[in-house]
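>>> I'd like to go over a predicted model; first the sequence, then the structure.
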Amino acid sequence: MSIHPVAIDRILSATALASLLTLASCVTNQPTDHPADIAATEIPAEVYRQFDFWIGEWAVTDAAGRAVGASRVELAENGFAIIEYWTSARGGTGRSINYVDPADGQWKQNWVSSRGNVVNYSGRFESGAMRFEGRSTVADGTTELARAVFTPRPDGAVHQFIEHSRDAGATWYAYFDGTYRKRPLPEQAVGEEPQR
């Protein structure tokens, strides 16, 4: 039995088309070298632990020693995020999420308050402190430049100093000056089982 030459051409054409489609499918499913798909740097594991000194239950006082609020700061998302839950002495609340951005290797802090104020920071741990710079925006849309420094102290306290600028960084004013001190955990009765 012989196959007509036209039929052979059709078989070869169909086979070639199927091969091309298979090849195209393989190529489109391969990872690309597009910058959005690959972190700019390989981040050492210890970088993710640079802000752990801020984790804890805190009583916060101003420079004169007056209570200004309380804060709970905890590790989250398998150690890739640090979350702060803030309550001021006047009743306002706020929350921040802090993390290392794998795209640029920098720490980010995104803060939002119960009044709708938002702060977006970017920074790094250097010279013994976590240092951020960014922009503060209040609920009416007014913005100011902002910078914050979190400094761990030998006694276990953390000093937080925030400055704002209304004139694009020509001058700065103190916005917040607070010291975080660990709150003692409730005492547990002798022999009492810890709650889980």
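Received it, and whenever you're ready, just let me know what you need. Residues are numbered from 1 along each chain as shown.
>>> wait, what's in contact with V158?
53-54, 58, 150-152, 179-180 (CB atoms under 8 Å, 6 or more residues apart in numbering). Using the backbone N, CA and C atoms, a C-beta is placed for each residue, glycine as well.
>>> most neighbours of all those, which one?
Taking other CB atoms under 10 Å as the neighbour criterion, Y180 ranks highest of those with 25 neighbours.
>>> narrow the contacts of V158 to those in strands?
Taking DSSP state E, the ones among these that sit in strands are 58, 150-152, 179-180.
>>> list just the nearest of the residues you listed to I97.
The closest of the ones in strands among the contacts of V158 to I97 turns out to be F150 (CB to CB; 14.9 Å).
>>> wait, doesn't the closest one sit right on H159?
Yes: using CB atoms under 8 Å, F150 is in contact with H159, at 7.4 Å.
>>> sorry, back to before: in CSV: the ones in strands among the contacts of V158, plus distance to T93 and pLDDT.
What follows is the ones in strands among the contacts of V158, written out as CSV (distance: CB to CB, whole Å; pLDDT from 0 to 100):
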residue, distance to T93, pLDDT
W58, 14, 98
F150, 20, 98
T151, 24, 98
P152, 24, 98
T179, 20, 98
Y180, 16, 98
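>>> redo these as CSV? Include distance to W86.
Formatted as CSV, the ones in strands among the contacts of V158 follow (distance: CB to CB, whole Å):
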residue, distance to W86
W58, 9
F150, 13
T151, 18
P152, 18
T179, 14
Y180, 10
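>>> and the furthest pair within these?
Top of the distance list for those (CB to CB): W58 and T151, 14.1 Å.
>>> quick one: secondary structure of the residue nearest the centre of the chain?
Centroid check for the chain by CA atoms, centre = their mean gives Y99 as the closest residue, at 2.5 Å. Taken by DSSP: H, G, I helix; E, B strand; the rest coil, the conformation at Y99 corresponds to strand.
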